[in-house]
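Novice: Fold the following, please.
(one chain, ligands or ions: 2)
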Amino acid sequence: MADLPSHFEGPVHIAVIGGTGLQKIDGYVPIATVNPETPWGYPSAPITILKHGDVPIAFLSRHGASHEYAPHEIPNRANIAALRIIGVRTVIAFSAVGSLQEEVKPRDFVVPDQVIDRTKGVRPSTFFEKGVVGHVGFADPFDEKIAKVVRECGHALAGEGVVMHDKGTIICMEGPQFSTRAESHMYRSWGGTVINMSALPEAKLAREAEMVYQMICMATDYDCWRSTEDVNVEMVIAHMAANSGNAKLLVAAVLDKLSDIEHTDLIQGRHCEGQISGMLKFMTKKEGRGAEGAKNAEYLFPGVWE
Ligand SMILES: CSC[C@H]1O[C@H](OP(=O)(O)O)[C@H](O)[C@@H]1O
Ligand SMILES: Nc1ncnc2[nH]cnc12
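Specialist: Ligands and ions are numbered 1, 2, ... in the order given. Now for the predicted structure:
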């Protein structure tokens, strides 16, 4: 990667954020690595730009190039801001999750449609502060249009052994320790389908940044509610490694589908455009706006205060 250009001309509309066990995606030619410094610092790793026909793809490793960031240390604001500044409007986020339901077996995929926040407030989770107030709708944290594409791709790969669950609620816990048995049972009673440590604030920040965001989960364990074998890191890594072929097939199919001309407006996030930036100006009156907060919002949305 060292000798790749550190600049890429032209916007990249689609990004994949890879998580545990998906630190890179193979089969694509890398054409650049970019590492923008944002008002919130640098992303967790340089962003690789991959050649994919006429529709380049950005890839970012959530936990860093060597998995050096624990879930609570991930520079989520820098990650989302850096993707936004290079043009990304659609994020496919991949996550290794514990299953909270019998029918979601290790190595199955889930396209979540809801999330319950069990993080502990220690992660910076908004771009809007320091004299700029913004409240965004988050009733449906993921994007139904992208979810539909992911589901279709998943079901089309059934012959390859891909098992896809069309809906589900993620419990996003703080970690880095796994849950207690009592917590795991409680999450089940809440209707949780799967559990991870990284859906939030990533999804909230993507919403604030007017980006289309959909997580794809792959189950790696039954957490600790099932009283069989309790989750541990080796188990997570082993299932991820064993099924990484299918994970990559699925991601590739989704990228191919999203690159179709019919999805141009979707991947450019046209249906979200202006929803957040349009609201900011009316929220905090000009005379009360903080210089730093205003400058940060301007970074995300050039011209927002005009
Ligand atoms: C290694 S087990 C816990 C770890 O795995 C998941 O990572 P990611 O969502 O980035 O795939 C989970 O969220 C935890 O961060
Ligand atoms: N059981 C679990 N709890 C939280 N995050 C996870 N990631 C994978 N398995 C997990």
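Novice: Show me what from this structure comes close to ligand 1.
Specialist: Taking CB under 6 Å from any ligand atom as the contact definition, the chain meets ligand 1 at 19-20, 62-63, 71, 95-96, 196-198, 233, 236. The way it works is simple: take the backbone N, C-alpha and C, and place the C-beta from them, glycine included.
Novice: List, out of the residues you listed, those positioned next to ligand 2.
Specialist: 96, 196-197, 236.
Novice: so of those residues, which ones are in helices?
Specialist: Val236 (DSSP state H).
Novice: Show me the one in the ones next to ligand 2 among the residues of the chain next to ligand 1 that has more neighbours than the rest.
Specialist: Met197 (25 neighbours; other CB atoms under 10 Å).
Novice: Against Val236, how distant is that residue?
Specialist: 11 Å (CB to CB, to the nearest Å).
Novice: What of Val133?
Specialist: Val133 is 39 Å from Val236, by CB to CB.
Novice: For the helix or strand where Gly98 lies, name the packing helices and strands.
Specialist: Per DSSP states H and E, Gly98 falls inside strand 90-99. Applying 3 or more CB pairs under 8 Å, 6 or more residues apart in numbering; DSSP states H and E, we find strand 90-99 packed against strand 14-18, helix 144-156, strand 194-196, helix 202-208, strand 212-221, helix 233-242, helix 244-258.
Novice: The ones you listed: which one's closest to Gly27?
Specialist: helix 244-258 (6.6 Å; CB to CB).
Novice: does any bit of that closest one sit next to ligand 2?
Specialist: No: shown here: helix 244-258 not in contact with ligand 2 (CB under 6 Å from any ligand atom), separated by at least 13.4 Å.
Novice: buried stuff in that helix?
Specialist: Buried residues in helix 244-258, counting neighbours by 16 or more other CB atoms under 10 Å, are found at 246-255, 257-258.
Novice: And it, what does it pack against?
Specialist: Applying 3+ CB pairs under 8 Å, 6+ apart, one finds that helix 244-258 contacts strand 14-18, strand 90-99, strand 109-110, helix 144-156, strand 212-221.
Novice: what about the closest residue to Leu205 other than its chain neighbours, neighbour count?
Specialist: Leaving aside its sequence neighbours, Leu205 sits nearest to Ile80 (CB to CB, 6 or more residues apart in numbering; 4.3 Å). Ile80 has 31 neighbouring residues, counting by other CB under 10 Å.
Novice: Could you check how far Ile80 is from Leu258?
Specialist: Distance from Ile80 to Leu258, by CB to CB: 19 Å.
Novice: bridging residues for Ile14?
Specialist: Ile57, Thr90 (DSSP bridges).
Novice: Find the closest residue to ligand 2 in the stretch 1-150 of the chain.
Specialist: Here the stretch 1-150 of the chain gets closest to ligand 2 at one residue, Gly98, 2.3 Å apart by CB to the nearest ligand atom.
Novice: ok, now which ones touch that residue?
Specialist: 178-179, 194-196, 219-223, 231 (CB atoms under 8 Å, 6 or more residues apart in numbering).
Novice: ok, now with 10 Å
Specialist: Gly98 sits next to 104, 106, 171, 173, 178-179, 184, 187, 192, 194-197, 217, 219-225, 230-231, 235-236 when contact means CB atoms under 10 Å, 6 or more residues apart in numbering.
Novice: do Phe59 as well
Specialist: Phe59 neighbours (CB under 10 Å, 6+ apart): 12, 14-18, 22-25, 28, 30, 33, 45-50, 251.
Novice: Quickly find the element holding the nearest residue to it once chain neighbours are set aside.
Specialist: Excluding the flanking residues, the one nearest Phe59 by CB to CB, 6+ apart is Thr48, at 4.6 Å. Of the helices and strands defined by DSSP H and E, Thr48 is found in strand 47-51.
Novice: what is the orientation angle of that strand with strand 14-18?
Specialist: 120 degrees (axes from the mean of the first three to the mean of the last three CA atoms, to 10 degrees).
Novice: Partner strands of strand 47-51 and their direction?
Specialist: With DSSP bridges as the test, strand 47-51 is paired with strand 29-34 (antiparallel), strand 57-61 (antiparallel).
Novice: Show the pLDDT at the residue most central in space within the chain.
Specialist: By CA atoms, centre = their mean, the chain has its centre lying nearest to Ala93, at 3.3 Å. At Ala93, the model reports a pLDDT of 98.
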